[in-house]
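Undergrad: Sharing a model prediction with you, sequence too.
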Amino acid sequence: MSKGYGSAVFGVDAQIITIEVNIVDGTKFWLSGLPDSAVKESEHRIESVFKYFEYRMPRKKVVVNMAPADIRKEGSSYDLPIALGVLKSSGQIIADDLEKYVIMGELALDGTLRPIKGALPIAIEARKNGFKGFILPLENANEAAIVNNLDIIGVTNLVEAIEFLDGSRPIEPITYDTREHFFNHLNDYEADFAHVQGQENIKRALEIAAAGGHNVIMIGPPGAGKTMLAKRLPSILPPLSLQEALETTKIHSVAGKLGSNAQLITKRPYRSPHHTVSDVALVGGGGVPQPGEISLSHNGVLFLDELPEFKRTVLEVMRQPLEERRVTISRAKLSVDFPANFMLIASMNPCPCGYYNHPEKECVCGSGQVQRYLNKVSGPLLDRIDLHVEVTPVSFDEMTQNRKAESSEVIRERVISARKIQQERFKTEGIHSNAMMGSQMVKELCQINEAGKTLLKTAMERLGLSARAYDRILKVSRTIADLDGKENIGIEHLAEAIQYRSLDREGWAG
């Protein structure tokens, strides 16, 4: 009998799986421990590989038990540990160190190893449980090597793994300087605000959004630059911390989005799903719960272009994750949490033809069409978006001027300064930005003087602002004051915040 170890991934965390192999009198290959179809099919892959390398499948009863037996085992990544267990139990190899390593890998019919998902969380769990190392496909080795104090052994086929375990083939563990890579690639963004001519008011709104972690919706005609500006938002957000980088990399590892020879993610993610995306693809789920787009955007930006074109059900399922900053996928026997702390940036045309309120082109939409178009986005979702920004096309003079625009690096420095003020303010509250404040905190931390109250009251009455706009205006004005380095919210901060509530104005859509 032999004993080895693999791992199963649930959500963004892993659990060690004990793989016991015993050969007794009888026939057939038996797998126990709730294996799914992909695990059961490993028998045929393993037998083919044994013939290829002139090993033999025992002509007795082979019993493979995967413990804990009450947890469902899924996927083809158990091929390698099962194959090694069968070879050791049948006396065909000597592998005294088998129990010292977590082993994972899918076998091709010629014995080569295909990459696996979730190498990083498995490596974290292996170190936590005191294993000497982790044997896995070479393509996943760099990803697993992010974890220190664990020997990462990358192999390309079954024979390499066998020879490493019997001592005939020394393999140097993959080493990776996580901190050096992290700090060397921290701000490698291709898109930069320096490349954008004009649109100074939109750049200012996005700077405020980045400084306070606020969600934004941009309303404007086609070709006004909404998508271009959204792509540049990650470049002005504060750099990822090492902990945030590890969290983000874990999620992408579980989803299989890192690719071959992947390393630590050092840039804030930017995800832009098409408007035909399903609700499961957006928030996560499936038979084997996988992270969706909102979790892949964790610590970064989720951009929804043409917001009214998304299905209503897709937009509605985002409401809870926007508030709680995580999403829970529940099944009959399983409940999985995925983190979802992202900034939502949305864009939309103001009407079906796209030219309502355009300075030059005439809107051809009929009476009521504009309002019906806007009503595709529900009030509760708009309630979670702090800044409504109207984007107008850039004039020819602005496009052709030679004045150099402000770079993302300069803007980011101001954003970082504002975030430091917020970190100090919220250091005992468990939140990190102004956008995360609740109603009670807004009352305590966003106090305004009598002149400010008069201005806000007048604005709400004259512009027809809804009640839900009140807290949003105070949060945004608090962020503007932080960018200005002011302790108290002034009239100028309130006045600027008020202009970012376009969709709350009565009569905006005619």
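TA: On my side now, so go ahead. Residues are numbered from 1 along each chain as shown.
Undergrad: From here on, just use CA atoms for contacts and neighbour counts.
TA: OK.
Undergrad: first to last residue in stretch 369-385, what's the distance?
TA: 23 Å (C-alpha to C-alpha, to the nearest Å).
Undergrad: most centrally placed residue in the protein?
TA: Taking C-alpha atoms, centre = their mean, the centroid of the chain lies closest to residue 296, which sits 2.2 Å from it.
Undergrad: wait, that one sits on residue 271?
TA: Yes: Residue 296 is in contact with residue 271 according to C-alpha atoms under 8 Å; the separation is 7.3 Å.
Undergrad: in the stretch 101-250 of the chain, which spans are helices?
TA: All helices of the stretch 101-250 of the chain, identified by DSSP state H, counting those that start in this stretch, fall at 119-128, 141-144, 158-165, 178-184, 200-212, 226-231, 242-254.
Undergrad: one step back: the residue nearest to the centre of the chain and residue 287: what is the separation?
TA: In terms of C-alpha to C-alpha, residue 296 sits 18 Å off from residue 287.
Undergrad: Is residue 452 part of a helix or strand, or is it coil?
TA: helix (DSSP: H, G, I helix; E, B strand; the rest coil).
Undergrad: Return the residues in contact with it.
TA: 490, 491, 494 (C-alpha atoms under 8 Å, 6 or more residues apart in numbering).
Undergrad: what's the closest non-adjacent residue to the second one?
TA: Beyond its immediate neighbours in the sequence, the residue positioned closest to residue 491 (C-alpha to C-alpha, 6 or more residues apart in numbering) is residue 452, lying 5.3 Å away.
Undergrad: Could you count how many residues lie near the residue lying closest to residue 456 once chain neighbours are set aside?
TA: Of all residues not flanking residue 456 in the chain, residue 494 sits nearest, at 7.4 Å (C-alpha to C-alpha, 6+ apart). Using other C-alpha atoms under 10 Å, residue 494 has 23 other residues around it.
Undergrad: Give me the pLDDT for residue 494.
TA: Residue 494 is assigned 92 on the pLDDT scale.
Undergrad: Point to the helix or strand of this structure where mean pLDDT is at its lowest.
TA: Every helix and strand of the chain was ranked by mean pLDDT, DSSP states H and E. The lowest is helix 396-400, at a mean of 63.
Undergrad: from the contacts of residue 452, which single one is nearest residue 215?
TA: residue 494 (17.9 Å; C-alpha to C-alpha).
Undergrad: Kindly confirm my reading that the closest one forms part of a helix.
TA: Yes: if the criterion is three-state DSSP, then residue 494 is within a helix.
Undergrad: That one touches residue 471, doesn't it?
TA: No: Residue 494 is beyond contact range of residue 471, at 11.6 Å (criterion: C-alpha under 8 Å).
Undergrad: what secondary structure does residue 444 sit in?
TA: helix.
Undergrad: That one and residue 475, how far apart?
TA: The value you get for residue 444 to residue 475, if C-alpha to C-alpha is used, is 11 Å.
Undergrad: Compare these two (neighbour count), which wins?
TA: residue 475 (28 against 8).
Undergrad: Give me the residues contacting the helix or strand containing that one.
TA: Element membership for residue 475, per DSSP states H and E: helix 468-483. Identification of contacts with helix 468-483 by C-alpha under 8 Å, 6+ apart yields 208, 211-212, 214, 383, 386-387, 414-415, 417-418, 421-422, 434-435, 437, 439, 442, 446, 487-490, 493-494, 496-498, 501, 504.
Undergrad: Distance from that helix to the middle of the chain?
TA: Its chain's C-alpha centre and that of helix 468-483 lie 27 Å apart, by C-alpha atoms, centre = their mean, to the nearest Å.
Undergrad: Go through it and flag the buried ones.
TA: Within helix 468-483, the residues scored as buried using 16 or more other C-alpha atoms under 10 Å are 469, 471-483.
Undergrad: for stretch 305-312, same thing?
TA: 305, 306, 307, 308, 310, 311.
Undergrad: And stretch 162-170, by the same measure?
TA: Applying 16+ other C-alpha under 10 Å to stretch 162-170 flags 162, 163, 164, 165 as buried.
Undergrad: could those be laid out in JSON lines, adding distance to residue 361?
TA: Below are the buried residues of stretch 162-170 laid out as JSON lines (distance: C-alpha to C-alpha, whole Å):
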{"residue": "162", "distance to residue 361": "71"}
{"residue": "163", "distance to residue 361": "73"}
{"residue": "164", "distance to residue 361": "71"}
{"residue": "165", "distance to residue 361": "73"}
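Undergrad: Return the set of residues that bridge with residue 327.
TA: residue 338 (DSSP bridges).
Undergrad: For the remainder of this discussion, apply numbering that starts at 567.
TA: Taking 567 as the first residue, the last one we looked at is residue 893.
Undergrad: Provide the count of other residues in contact range of it.
TA: Neighbour number of residue 893 under other C-alpha under 10 Å is 25.
Undergrad: looking at it, it is touching residue 906, isn't it?
TA: Yes: look at residue 893 against residue 906 with C-alpha under 8 Å: they come within range, at 6.4 Å.
Undergrad: what do the two both touch?
TA: In contact with both residue 893 and residue 906: 861, 887, using C-alpha under 8 Å, 6+ apart.
Undergrad: isn't residue 806 right next to residue 835, touching?
TA: No: the pair residue 806 and residue 835 fails to qualify as a contact (C-alpha under 8 Å) at a distance of 10.0 Å.
Undergrad: Give the intersection of the neighbour lists for these two.
TA: Contacts common to residue 806 and residue 835, judged by C-alpha under 8 Å, 6+ apart, are residue 865.
Undergrad: roughly how far apart are residue 949 and residue 785?
TA: 16 Å.
Undergrad: again, but for residue 732
TA: From residue 732 to residue 785 the distance is 65 Å (C-alpha to C-alpha).
Undergrad: picking up where we left off before, show the pLDDT at the residue nearest to residue 1057.
TA: 89.
Undergrad: for this structure, what are the low-confidence residue spans?
TA: For the chain, the stretches with pLDDT under 70 are 751-753, 826-827, 898, 961-968, 995, 1033-1034, 1070-1076.
Undergrad: domains for it, by residue range?
TA: 568-731, 759-973, 1003-1076 (automatic domain parsing).
Undergrad: Minimum distance to residue 738: which of those domains has it?
TA: domain 568-731 (7.1 Å).
Undergrad: can you put the domains of the chain in a markdown table and add distance to residue 740?
TA: What follows is those, written out as a markdown table (distance: least, C-alpha to C-alpha, whole Å):
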| stretch | distance to residue 740 |
| --- | --- |
| domain 568-731 | 5 |
| domain 759-973 | 12 |
| domain 1003-1076 | 44 |
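Undergrad: Those domains: which one's closest to residue 745?
TA: Here domain 759-973 is closest among these (C-alpha to C-alpha), at 7.8 Å.
Undergrad: Quote the end-to-end distance of that closest one.
TA: 5 Å.
Undergrad: Just the CA trace of stretch 794-810, in PDB.
TA: The C-alpha coordinates for stretch 794-810 follow below in PDB (Å, rounded to 0.1, in the frame of the first residue of the first chain):
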ATOM      1  CA  MET A 794     -10.500  55.100 -23.900                       C
ATOM      2  CA  LEU A 795     -10.800  57.000 -20.600                       C
ATOM      3  CA  ALA A 796     -12.000  53.900 -18.700                       C
ATOM      4  CA  LYS A 797      -9.000  51.900 -19.900                       C
ATOM      5  CA  ARG A 798      -6.700  54.400 -18.300                       C
ATOM      6  CA  LEU A 799      -8.300  54.400 -14.900                       C
ATOM      7  CA  PRO A 800      -6.200  51.500 -13.500                       C
ATOM      8  CA  SER A 801      -3.000  53.600 -14.200                       C
ATOM      9  CA  ILE A 802      -4.000  56.300 -11.700                       C
ATOM     10  CA  LEU A 803      -5.200  53.900  -8.900                       C
ATOM     11  CA  PRO A 804      -2.800  53.400  -6.000                       C
ATOM     12  CA  PRO A 805      -0.300  50.500  -6.600                       C
ATOM     13  CA  LEU A 806      -1.300  47.100  -5.400                       C
ATOM     14  CA  SER A 807       0.100  46.000  -2.000                       C
ATOM     15  CA  LEU A 808       1.900  42.700  -2.000                       C
ATOM     16  CA  GLN A 809      -1.100  41.200  -0.100                       C
ATOM     17  CA  GLU A 810      -3.500  42.500  -2.700                       C
END
